[in-house]
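[1] Got a predicted model here, sequence first, then my questions.
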Amino acid sequence: MRRLRYLGNEKFIIETVADPIPGPNEVVVSMRVAALCGSDLHIKEQHDVEFAHHPNHVARTPSHEPAGIVSAVGTGVQNVKVGDRVAVYHKVGCMTCESCRAGNLVMCGHGGALSSEYDGAAADLLLVPKENCLPLPDDLGFEDGAIMMCAGGTAYSGLLKARVTSGESLAVFGCGPVGLATIILARAMGAHVFAVDISEARLEMAKRVGANQVFDSSKDVKEDDVYDLIHGFTIPASKTVRKLREMTGGNGVDCVVECSSSAQARINGVDALAQYGRMVLLGISNQFRDHFDFQKSLEPDKLIFKELQVFGSNVFPLHLYDRMVHFMINNRVSFSPMITHRFPLEQGPEAFRTAALATSGKVVITWELHNR
């Protein structure tokens, strides 16, 4: 089989290796779509750090958003069979700890992830544990199945935490792939969606996938007396926050989903929220890997006075998969409109370069022209 391999210093190769053979409780999936995620770019950066310290470091096959068709199964596999269409959950758990038993493989302290600790999906064939193979109905394309495994599932889980309901206002900060998925899903849930970004190209994508209004915050400035925090105590905030509050009758938005990891975007999100508002944090950067430079505060005084709720959300637990599938089918939701570039495996290096551009939406590696 062919697979994409990263050698460091922005160099990729396509190499040919032996086909994987499934052992007990393992499945081989013939790939149809391998989507690229922001985390793939973070992992590539971390590989560069490892190469600098250990020249013999070997990077795992990238991509952790896979969908395809089962081509072989090992002994003990009963949940899927050869020929089944599947999406492949990218977190690998020990399957014995409390978190794994609850379907929260992402919280397993002994597991890992495709493209990080285990070889990922940018290959003709992918070897995975049986538990990671999730049935993909014919009503959903392989592109949808792949994107659901990280960007889409992360957005869906976050929106459920925020308890978004029809008619509510919701601001999405950061219109990369996770933000675009959030817009698509939030609109299907009936929310009025504002999209905020510093990239004109990303804002155009946000409009294309359904955002009601978009705001360019690239030249944001602080303004005085933007809103009343408590008992006539008015505070300064950004021009973007003033616009969002004006668009909501001066009250602020009901929900914020922060997808950029920008400290300023998180501050803007807190300021933009109405009293009793809910905020979900989805965006992460790679800074914590190098410096553990976590943001120390979300301005807790504002959280207290406005009685805000803030949630962190990390991918999605397995038990939400079927619910997400039914939601997408019943509401005729697809993530395909957020895809801006499709590449064959042999153009994997170009796919990675494109995914790093602020002008791109979702980038996928595909094994077929039409993924339905």
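    Structure received. Numbering: from 1, shown residues only.
[2] what's the longest helix along the chain in contact with?
    Identified as the longest helix of the chain according to DSSP state H is helix 38-53. For helix 38-53, the external contacting residues (Cβ atoms under 8 Å, 6 or more residues apart in numbering) are 6-9, 57, 59, 62-64, 115-116, 120, 150, 176-178, 284-286, 289-290, 352, 355-356. (Each C-beta comes from the backbone N, C-alpha and C, glycine too.)
[3] again, but for stretch 218-226
    198-200, 234-242, 245, 264, 268, 271.
[4] So for it, what gets flagged as buried?
    220, 226 (16 or more other Cβ atoms under 10 Å).
[5] Residue 186 touches residue 164, doesn't it?
    Yes - using Cβ atoms under 8 Å, residue 186 is in contact with residue 164, at 6.0 Å.
[6] Who has more neighbours out of those two?
    residue 186 (27 against 24; other Cβ atoms under 10 Å).
[7] For the longest helix of the chain, buried residues please.
    In helix 38-53, counting by 16+ other Cβ under 10 Å, buried: 38-40, 42-44, 47, 51.
[8] Show me the helices in the stretch 201-350 of the chain, by range?
    239-247, 263-272, 287-291, 300-306, 321-330, 348-355 (DSSP state H, counting those that start in this stretch).
[9] Turn the ones you listed into CSV, including distance to residue 228.
    Listed next are the helices of the stretch 201-350 of the chain as CSV, based on distance: least, Cβ to Cβ, whole Å:
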stretch, distance to residue 228
helix 239-247, 10
helix 263-272, 12
helix 287-291, 34
helix 300-306, 10
helix 321-330, 38
helix 348-355, 43
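[10] Relative to residue 127, which of the ones you listed is closest?
    Among the helices of the stretch 201-350 of the chain, the nearest to residue 127 by Cβ to Cβ is helix 348-355 (18.6 Å).
[11] ok, back up a step: can you say which of the helices of the stretch 201-350 of the chain is nearest to residue 102?
    helix 321-330 (13.8 Å).
[12] before we move on, back to that, overlap of the contact sets of residue 186 and residue 164?
    residue 170.
[13] rewinding a little: most neighbours among the contacts of stretch 218-226, which one?
    Using other Cβ under 10 Å as the neighbour test, the contacts of stretch 218-226 are led by residue 241, with 28 neighbours.
[14] So it versus residue 234, what's the distance?
    To residue 234, residue 241 is 12 Å away according to Cβ to Cβ, to the nearest Å.
[15] Likewise for residue 283?
    Taking Cβ to Cβ, one finds residue 283 at 29 Å from residue 234.
[16] Residue 69 now?
    Distance from residue 69 to residue 234, by Cβ to Cβ: 59 Å.
[17] Assign a three-state SS to residue 35, would you?
    Under DSSP: H, G, I helix; E, B strand; the rest coil, residue 35 falls in the strand class.
[18] give me the beta-bridge partners of it?
    Beta-bridge pairing for residue 35 (DSSP bridges): residue 65, residue 364.
[19] So it versus residue 239, what's the distance?
    Going from residue 35 to residue 239 by Cβ to Cβ gives 35 Å.
[20] looking at this structure, which helix or strand does the model trust least?
    helix 287-291 (a mean of 58; mean pLDDT, DSSP states H and E).
[21] so residue 188 touches residue 330, yeah?
    No - using Cβ under 8 Å as the test, residue 188 is too far from residue 330 to be in contact (9.4 Å).
[22] who has more neighbours, these two?
    residue 188 (17 against 10).
[23] so what's the most centrally placed residue in the chain up against?
    Nearest to the geometric centre of the chain sits residue 151, at 2.4 Å (Cα atoms, centre = their mean). Residue 151 makes contact with 35, 37, 65, 177-178, 181, 335, 362, according to Cβ under 8 Å, 6+ apart.
[24] For it, grab phi and psi.
    phi -60, psi -50 (degrees, to the nearest 10).
[25] same deal with residue 182?
    According to degrees, to the nearest 10, residue 182 has phi -60, psi -40.
[26] Tell me, how many residues neighbour the nearest residue to it once chain neighbours are set aside?
    Spatial nearest neighbour of residue 182, chain neighbours left out: residue 155 (4.1 Å); criterion: Cβ to Cβ, 6 or more residues apart in numbering. By other Cβ under 10 Å, 31 other residues sit near residue 155.
[27] Repeat that for residue 19.
    12.
[28] Excluding residues flanking it in the chain, which one is nearest it?
    In space, residue 19 is closest to residue 1, 5.1 Å off (Cβ to Cβ, 6+ apart).
[29] what angle separates the helix or strand harbouring residue 159 from helix 321-330?
    Following DSSP states H and E, one finds residue 159 within helix 153-162. Relative orientation of helix 153-162 and helix 321-330, computed by axes from the mean of the first three to the mean of the last three Cα atoms, to 10 degrees: 100 degrees.
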